[in-house]
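S.K.: 3D, please:
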Amino acid sequence: MITTTTLPNGVRVITQRVEQMHTIAMGIWVANGSRHESGENNGVAHFIEHLLFKGTARRTARQISLEMDSMGGILNAFTGHEYVCYYAKVLAQFLPRMTDLLSDIFLFSTFPADEIERERKVILQEIKMRDDSPDEAIHDRFHQNFWNASPLGRSILGTAETIGGLGRETIMDYKRSRYRPDDIIISAAGNVNHDELVELIADDFSVISSEWKPDGLSFRPEGGRRIHLNERDLEQTLICMGTRALQQNHPDRYAMHLLTTILGGGMSSRLFQEVREKRGLAYSVHSYVISHADSGALVVYAGTEQKHCREVIDIALSEMVRIKQEPVSQAELDSAREQIKGKLLMSLESSDSLMTRLAKNVIYLGRHQPVEQILGDFDAVTREDLLGVAGRLFDGECLKLEIMGRTEELGLQEESLKL
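M.R.: Below is the predicted model of the structure:
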């Protein structure tokens, strides 16, 4: 059972009760992520996410950790391009204590000056850690270069320069203005009583206010073909190649996800079978979708030897061409459909997955979408639908290639990226 309450100031509370579960997962979401930052304060949303765990008027950072551990629960947070989430998962009996802790962190953090400086160093190390991990760095670089100079192209972590320049007042002012009630969603799933949760949070969350108004941001990746080379002394050459995809709420998103699954979504996918199983050119090869509120990218990733780099790229391009020119078999479509549906249904057995789904439905769709409807929409996709979507996504008008490793003498030309 899903229940929604909107507080007088616009904060939304949405719960899904599953009585047979032993746990409750609760998230406080803010539909305002790194894409709403300026170039000068890039990384501030993620910085705030770190700082909210560093002490409140009632709890020190250590007391926050000790209290969650005493409940045997999980407390964490994450920042995306379009949202920030602070979440916890505990046994159902601890709902009042969890709610009090999360509310205290979210509303009453004090941003101690010494903690800001300490956490600044932690984030700078996080940036270095990402850059030292090729598998992470190439996806981050692809995202930055695919959306180029737009805010969607900025790193969620920020840069060493922007993080180094963020002062305490700037950080606090950003939180006061951007954590506005219209953008706050409190979602909870599991063995939760909706009315009890609303009663626990209503007084504190009803007083939030902000006069900041978001710009009507809308970004579309630039067209054309572009290659970015990142020279590194690696044993493998890593490849990320992508084209425009559909936004989160597009009516053809079901066909797009099926298309991506057929292309490179599992061990039976075309890319896995051709690149790994038949030719032995890569251990890891797959495709995935990045989907935002207004745009998206369909990306192919592989790690291979330098001498096979061009061959892997050509295979990926040829499979994109084939899937837009030749109808997939009914068996292939049905297999991809069951793969997606199976993963979706299995995820519903976890209270934290249910909690996340509740919030993202509100952020991207503005409403709850029943699972039965999603399954029905996947069932409704036909082979002809896949051809239509493939023709639109793989039209060759926008194709970006990110390569990391020993890139000398690859001889790649942007003119060779043809679909």
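
S.K.: quick one, strands of the protein?
M.R.: Assignment of strands within the chain using DSSP state E yields the ranges 2-6, 12-17, 23-30, 74-79, 84-91, 184-190, 224-231, 237-245, 285-291, 296-304, 398-405.

S.K.: format those strands as a markdown table; extra columns: distance to R383.
M.R.: Quick note: C-beta positions are derived from backbone N, CA and C, even for glycine. A markdown table is the format used below for the strands of the chain (distance: least, CB to CB, whole Å):
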| stretch | distance to R383 |
| --- | --- |
| strand 2-6 | 34 |
| strand 12-17 | 34 |
| strand 23-30 | 37 |
| strand 74-79 | 37 |
| strand 84-91 | 37 |
| strand 184-190 | 36 |
| strand 224-231 | 29 |
| strand 237-245 | 20 |
| strand 285-291 | 19 |
| strand 296-304 | 19 |
| strand 398-405 | 25 |
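
S.K.: to S177, which of those lies closest?
M.R.: Smallest distance to S177 across the strands of the chain (CB to CB): 11.5 Å, for strand 23-30.

S.K.: tell me, what residue is most central in this structure?
M.R.: G80 (5.6 Å; CA atoms, centre = their mean).

S.K.: what residue ranges in the stretch 51-200 of the chain score low on pLDDT?
M.R.: Nowhere does the stretch 51-200 of the chain drop to pLDDT under 70.

S.K.: where along it do the helices fall?
M.R.: Listed in chain order, the helices found in the stretch 51-200 of the chain under DSSP state H, counting those that start in this stretch are 61-70, 95-108, 113-132, 134-146, 160-164, 168-178, 194-205.

S.K.: circling back: in a markdown table, list the strands of the chain along with mean neighbour count.
M.R.: Putting these into a markdown table (neighbours: other CB atoms under 10 Å) gives the following:
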| stretch | mean neighbour count |
| --- | --- |
| strand 2-6 | 14 |
| strand 12-17 | 21 |
| strand 23-30 | 25 |
| strand 74-79 | 17 |
| strand 84-91 | 22 |
| strand 184-190 | 26 |
| strand 224-231 | 15 |
| strand 237-245 | 24 |
| strand 285-291 | 21 |
| strand 296-304 | 25 |
| strand 398-405 | 23 |
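
S.K.: indicate which one of those strands is closest to E414.
M.R.: Across the strands of the chain, closest to E414 is strand 224-231 (CB to CB), at 4.5 Å.

S.K.: circling back to that earlier point, and the residue nearest to the centre of the chain, what does it touch?
M.R.: Listed by CB atoms under 8 Å, 6 or more residues apart in numbering, the contact set of G80 reads 33-34, 156.

S.K.: ditto for Y288
M.R.: By CB under 8 Å, 6+ apart, the neighbours of Y288 are 260, 264-265, 298-299, 301.

S.K.: before we move on, what about H139?
M.R.: Contacts of H139 by CB under 8 Å, 6+ apart are 240, 299, 301.

S.K.: would a markdown table of these with distance to S329 be doable?
M.R.: As requested, the contacts of H139 are exported to a markdown table (distance: CB to CB, whole Å):
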| residue | distance to S329 |
| --- | --- |
| C240 | 28 |
| V299 | 25 |
| Y301 | 25 |
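
S.K.: nearest to P327 among those?
M.R.: V299 (23.7 Å).

S.K.: if you drop the residues flanking it in sequence, what lies closest to the closest one?
M.R.: G242 (3.8 Å; CB to CB, 6 or more residues apart in numbering).

S.K.: which residues touch the nearest residue to A302 once chain neighbours are set aside?
M.R.: With sequence-adjacent residues excluded and distances taken as CB to CB, 6+ apart, A302 is closest to V285, at 4.1 Å. Counting by CB under 8 Å, 6+ apart, V285 touches 264, 271-272, 275-276, 300-303, 312.

S.K.: and those as TSV, adding pLDDT and distance to I323?
M.R.: Formatted as TSV, the contacts of V285 follow (pLDDT from 0 to 100; distance: CB to CB, whole Å):
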residue	pLDDT	distance to I323
G264	97	10
L271	98	10
F272	97	14
V275	98	15
R276	97	18
V300	98	12
Y301	98	17
A302	98	17
G303	97	22
V312	97	17
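
S.K.: which one of the helices of the stretch 51-200 of the chain lies closest to H228?
M.R.: helix 134-146 (5.1 Å).

S.K.: any idea how far the closest one is from the chain center?
M.R.: 14 Å (CA atoms, centre = their mean, to the nearest Å).

S.K.: OK, contacts around C309?
M.R.: 237, 239, 403, 405, 410.

S.K.: next, give me the two most distant ones among those.
M.R.: Farthest pair in the contacts of C309, by CB to CB: I239 and L410, 10.5 Å.

S.K.: name the residues contacting each of these two.
M.R.: 309, 403.

S.K.: any idea how far the closest residue to G190 other than its chain neighbours lies from R154?
M.R.: Using CB to CB, 6+ apart and skipping residues adjacent in sequence, the residue nearest G190 is S351, 3.5 Å away. In this view, S351 and R154 are 33 Å apart by CB to CB, to the nearest Å.
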